[in-house]
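> kindly generate the corresponding structure for this input.
(chains A and B)
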Amino acid sequence: MQAARSHSKTVSAAAFLAPFLLLFVAFLLAPLLYAFYTSLFIERFGQPIFVGFRNYLNAFQDGAFWSSVVNVIRYAILQGVIMIALSLILALVLDTKYARWKPLFRLIYFLPYAVPGVFASIMWGFLYSKPLDPLLQAIRFDPLSSAALLYSIINIATWEWAGYNMTLYSASLTGVSTDLYEAAIVDGCNEFQLAWYIKLPLLRPTILMTVILSFIGSMQLFNEPFLLSALTPISQTFTPNMDIYAMAFNLTNLPYAATLAVLLGAITIFISACVMIAARVVGRRSRERSAPLVSSEEVLSV
Amino acid sequence: MSSGISQTQPYTRAASSASPHSSFVRHLITVVVTAFLVVVAVYFLIPVGWLLIASTKTQVELQSTGIFSLPKRLELLQNIRLLFAYNNGVFARWFLNSIIYSGSVAILTCLVSAMAGYALAKFDFRGREVLFYLILASMMIPGTVATIPLFVIEQPLHLVNTYLGVILPLIASPFGVYFLRIYIRDVVPNEMLEAAKVDGAPERTIFWRIVLPVIRPAVVTLLLISFIGTWNNFFLPLVLLHNQSLYPLPVGVDVLLSLIATPAADQSMPIYQLVITASLLSILPMIIGFILFRKQIVTGLTQGSVKL
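Numbers count the residues shown, from 1 in each chain, chains lettered A, B, ... in the order given. Okay, here's the model as predicted:
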C-alpha cells in the first residue's frame, strides 16, 4: 500500500514536471550540448569533418575575437561600477528622511525597465546623432565617434538598468526592521553614518547578486551596438556576440560561431564564479577581523 | 517592534528641534537632496520626452528645429498614418505579432512553471534537490550562447521562421520555476493538500482548484515579468525569424532603422519619422501597463531575487 502510494506520487510528480523538463532539455540543454558538439567539426563542401579541438586552437589565435572579449570586459567593469554606484546612491538617498515624493521618484527611475533595449538604443542613438542634435554640433562633440562609442553605450545601459537595480536595493532596505535604525539614531548616528555603516553592509548580498547578474548581461552585449551601427560605422567584432552573430549569419561558419559561443559562455561563467568565491573569502576575512556592527542573521532575528 | 518605534520617536524629534540652527540645516539638506533627485529624474525622462516631442514633428522640422523645441503644428496623427501605410501596414502586423508572442509565452510560462514548481515544492522524489539546483545553475548561462545552436536545432524540426519556434524556447524559464517553487513551498499549506487527498481529489484537480488559486499573486507577477521580457526580446527573434511578416516590434523597427543609411531614406520615405513614431507606439503600452501594474512587478522581482 505504502509502496504503491509513493509510486503513484512519483508518477504524478513526473507528470507535473514533464512539460517544463521537455522544453528545458530540448531548447536549452540540447542547444548547449549541440554547440559543443558542432565546435568539434569543420565544414568542407557542405560535409562536416571531425577535427577535434582544432577550432579552439584557431580561436585562441583569433586576435579579433580576443580584442572583442577584452573590449566587452572593459565595458562590463566600467558600466557595472557606474550603474551600481548610481543605483546604490539613489536607493540610499531615497531611504533617508530628507527625500521627498519618494514613490514618484522610484517610479520614474524604474520606468526604463519597461522600455525595450532596442528602443532605448534608438532614442539615445538619435539624441547622439549630429543631424538631429544642434547642441552636439555647437559643442563639437560626437558621441558616436569611435573614441566615445563605448561610453555612449555605457550611458544607454545605465539608463536602462540603474532603476531596476535601485528597486532591488530599496526592497532589501524596506525588509529591515526599523528598530535597528532607531537604535543607531539614539546612539548619535546621522543619516550619512546610518547609510555607510549600517545600510551598506546590509545590502552586501544583494549588491553581490546584482554585480554577477549585470556582469553576465554585459558580457552578452549586442543590442545597443547592433542598433547603433545603423547610425555610425561599428566594427562587426566590437563585442563577442556581434562577432558570433556575423560568423554564423554573414559568413555562415556555424561550427566556428559555436566554438566562439562556447568560449564566451565559459569565460563568463569562469569570471562570475571567481567573483563569487572572492566575495565569499573577503566577506569571511572582514568578519573575522572585526565583529560587524550587525550581521544579517541578527537583523532577521530582531 | 511598534513599541520600539514609539519609544524612540520622541528622542529623534527632540534631537532635530533642539535648535533653530539644526532645523535650518535640515531644510537645506532636504532642498539639496530634492534637487539632486529632480536632476536624476530629468535624466531618466529625457529620451522618452524627446520621443514624444519628435513624434509630433515632420521630418523637415525634426532636422531644422532644436531637439526639445515644440513644432508649430502637431503632426502626430499624420505620422501615425504614414507608419500604418508603410509597406501595406506591416507595422500593424508587427504589433499583433508582439502581442501573440508575449501573450502566449507569458501564459504558457506561468502554467508550465507552476506545474514544475508544484512538483519540486510538494512532492518527495529522488534527485529532487539535484534537479532544482541544475535548474538554478542554468540561470548563470548567458542566454545568447544557446541562441545560435538553437537555430541549428530548430532547422530539422521545421521551427525556424515560425511562431512556435520563438514561443517554445522562451517558455522554458528557469527563473519562473525557481520563483514559483519557492512561493508554493512557503505559501501553500500541506494540510490543505492532505485534506483534499483524503477526500479523494485527483492530483489534477488539486493543482487547478487549490494550488493555482492560492498562488495567484505570484502567477500574476510572473505573467507580467514574462510578458515584458518577451516584448523586449530582440536577439532570439532576430536569429530565428527571417520573414518580415513574423517579426515582433523590436526586430521590425530595426529593419526600418537600417533603411536610414540607404539613399531611399531622404527622397521617398521619411524614415526618421517612421522609426520615431514606431518606437513611441511600441513603448507606450509597456509604459502604461508598467505604471498600472508596478506593485505586482516590484514584489515579484524583489521576492525572487532577494532570496537568490
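> near chain B, which residues of the stretch 201-302 of chain A?
Within the stretch 201-302 of chain A, the positions near chain B by Cβ under 8 Å from any Cβ of the partner chain are A:206, A:209, A:216, A:219-220, A:222-223, A:226-227, A:230-231, A:241, A:244-245, A:248-249, A:254, A:257-258, A:261-262, A:264-265, A:268-269, A:272, A:302. Placement of C-beta: from N, CA and C, glycine included.
> try it again with 7 Å
By Cβ under 7 Å from any Cβ of the partner chain, the residues of the stretch 201-302 of chain A that approach chain B are A:206, A:209, A:216, A:219-220, A:222-223, A:227, A:230-231, A:241, A:244, A:248, A:254, A:257-258, A:261, A:264-265, A:268-269, A:272.
> can I get the buried part of those residues as one ChimeraX selection?
A single ChimeraX command is used to select the members of these judged buried by 16 or more other Cβ atoms under 10 Å in any protein chain shown:
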select /A:206,209,216,219,220,222,223,227,230,231,241,244,248,254,257,258,261,264,265,268,269,272
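> model confidence for residue A:182, exactly?
Predicted confidence (pLDDT) for residue A:182: 79.
> next: residue A:163.
Looking at residue A:163, its pLDDT stands at 94.
> the residues of the stretch 201-302 of chain A next to chain B in helices, which ones?
Those of those mapping onto helices are A:206, A:209, A:216, A:219, A:223, A:227, A:241, A:244, A:248, A:254, A:257-258, A:261, A:264-265, A:268-269, A:272, per DSSP state H.
> show me where pLDDT drops low in the stretch 151-300 of chain B?
B:263-268, B:300 (pLDDT under 70).
> can you map out the helices along it?
Residue ranges of the helices in the stretch 151-300 of chain B, as given by DSSP state H, counting those that start in this stretch, are B:163-171, B:174-187, B:190-198, B:203-206, B:212-214, B:216-232, B:235-240, B:249-258, B:264-267, B:271-306.
> make a markdown table out of those and add distance to residue A:65.
Output for the helices of the stretch 151-300 of chain B, formatted as a markdown table (distance: least, Cβ to Cβ, whole Å):
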| stretch | distance to residue A:65 |
| --- | --- |
| helix B:163-171 | 26 |
| helix B:174-187 | 28 |
| helix B:190-198 | 53 |
| helix B:203-206 | 51 |
| helix B:212-214 | 47 |
| helix B:216-232 | 28 |
| helix B:235-240 | 19 |
| helix B:249-258 | 24 |
| helix B:264-267 | 33 |
| helix B:271-306 | 32 |
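> identify, out of those, the most deeply packed stretch.
Mean neighbour count, computed with mean count of other Cβ atoms under 10 Å in any protein chain shown, is highest for helix B:249-258 among those, reaching a mean of 23.
> can that one be found next to chain A?
Yes: using Cβ under 7 Å from any Cβ, helix B:249-258 reaches chain A at B:250, B:253-254, B:257-258.
> relative to the whole chain's centre, how far out is that helix?
19 Å (Cα atoms, centre = their mean, to the nearest Å).
> assign residue A:143 to helix, strand or coil.
State at residue A:143, reduced to three classes by DSSP: H, G, I helix; E, B strand; the rest coil: coil.
> list the buried residues in the helix or strand hosting residue A:85.
Element membership of residue A:85 [criterion: DSSP states H and E] is helix A:63-94. Burial within helix A:63-94, assessed by neighbour count using 16+ other Cβ under 10 Å, is assigned to A:65, A:68-69, A:71-73, A:75-76, A:79-80, A:82-84, A:86-94.
> can you give me the buried ones in the following helix or strand past that helix?
Counting by DSSP H and E, the next helix or strand C-terminal to helix A:63-94 is helix A:102-110. Applying a neighbour-count criterion of 16+ other Cβ under 10 Å, one finds A:105-110 buried in helix A:102-110.
> which ones among those also lie next to chain B?
Residues shared between the buried residues of helix A:102-110 and the neighbourhood of chain B are A:105, A:107-109 [Cβ under 7 Å from any Cβ].
> now the phi/psi pair for residue A:220, please.
Dihedral pair for residue A:220: phi -90, psi 10, per degrees, to the nearest 10.
> repeat for residue B:103
Reported as degrees, to the nearest 10, the phi and psi values for residue B:103 are phi -60, psi -50.
> is it fair to say residue A:49 lies in a helix?
No: going by three-state DSSP, the assignment for residue A:49 is strand, not a helix.
> follow-up on the earlier one: a markdown table please, covering the buried residues of helix A:102-110 and showing pLDDT.
What follows is those, written out as a markdown table (pLDDT from 0 to 100):
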| residue | pLDDT |
| --- | --- |
| A:105 | 95 |
| A:106 | 93 |
| A:107 | 93 |
| A:108 | 95 |
| A:109 | 95 |
| A:110 | 93 |
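> now, among those residues, which is nearest to residue B:55?
Using Cβ to Cβ, the shortest approach to residue B:55 within the buried residues of helix A:102-110 belongs to residue A:108, at 20.2 Å.
> quick one: that closest one and residue B:39 touch, right?
No: using Cβ atoms under 7 Å, residue A:108 is not in contact with residue B:39, being 11.7 Å away.
> which of the buried residues of helix A:102-110 sit farthest apart?
A:105 and A:110 (9.4 Å).
> chain B contacts on the stretch 51-200 of chain A?
A:90, A:93, A:98-100, A:105, A:107-109, A:111-112, A:114-120, A:122-124, A:127, A:131-134, A:159, A:163, A:167-168, A:171-172, A:177-179, A:182, A:185-186.
> among the residues you listed, which lie within helices?
Of these, the ones assigned to helices by DSSP H are A:90, A:93, A:105, A:107-109, A:117-120, A:122-124, A:127, A:134, A:159, A:163, A:167-168, A:171-172, A:178-179, A:182, A:185-186.
> phi, psi for the closest residue to residue B:75 other than its chain neighbours please.
Once flanking residues are discounted, residue B:75 sits nearest to residue B:58: 5.2 Å by Cβ to Cβ, 6 or more residues apart in numbering or on different chains. Main-chain dihedrals, residue B:58, degrees, to the nearest 10: phi -80, psi 170.
> hang on, residue B:58 packs against residue B:74?
No: using Cβ under 7 Å as the test, residue B:58 is too far from residue B:74 to be in contact (10.4 Å).
> higher neighbour count, these two?
Per other Cβ atoms under 10 Å in any protein chain shown, whichever of residue B:58 and residue B:74 has more neighbours is residue B:58, with 19 against 12.
> center of the chain, which residue is that?
The chain I'm using is chain A. residue A:214 (2.0 Å; Cα atoms, centre = their mean).
> my question was about chain B
residue B:228 (2.3 Å).
> taking the stretch 201-302 of chain A, what residue is nearest to chain B?
Using Cβ to the nearest Cβ, the closest approach of the stretch 201-302 of chain A to chain B is made by residue A:265 at 3.9 Å.
> list the contacts of the closest residue to that residue other than its chain neighbours.
Using Cβ to Cβ, 6+ apart and skipping residues adjacent in sequence, the residue nearest residue A:265 is residue B:145, 3.9 Å away. Residues near residue B:145 by Cβ atoms under 7 Å, 6 or more residues apart in numbering or on different chains: A:32, A:261, A:264-265.
> can I get those in TSV with pLDDT?
Formatted as TSV, those follow (pLDDT from 0 to 100):
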residue	pLDDT
A:32	90
A:261	92
A:264	93
A:265	91
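> which ones are touching the residue nearest to the centre of chain A?
For residue A:214, the contact set (Cβ under 7 Å, 6+ apart) comprises A:80, A:83-84, A:161.
> one more: residue B:59?
Taking Cβ under 7 Å, 6+ apart, we find residue B:59 in contact with B:270, B:272-273.
> any idea how far residue A:61 is from residue A:55?
11 Å (Cβ to Cβ, to the nearest Å).
> name the residues of stretch A:46-53 that are buried.
Under the neighbour-count rule (16+ other Cβ under 10 Å), stretch A:46-53 has residue A:51 buried.
> contacts for that stretch?
A:40-42.
> among these, which one sits closest to residue B:125?
Closest to residue B:125, out of all of those and judged by Cβ to Cβ, is residue A:40, at 35.4 Å.
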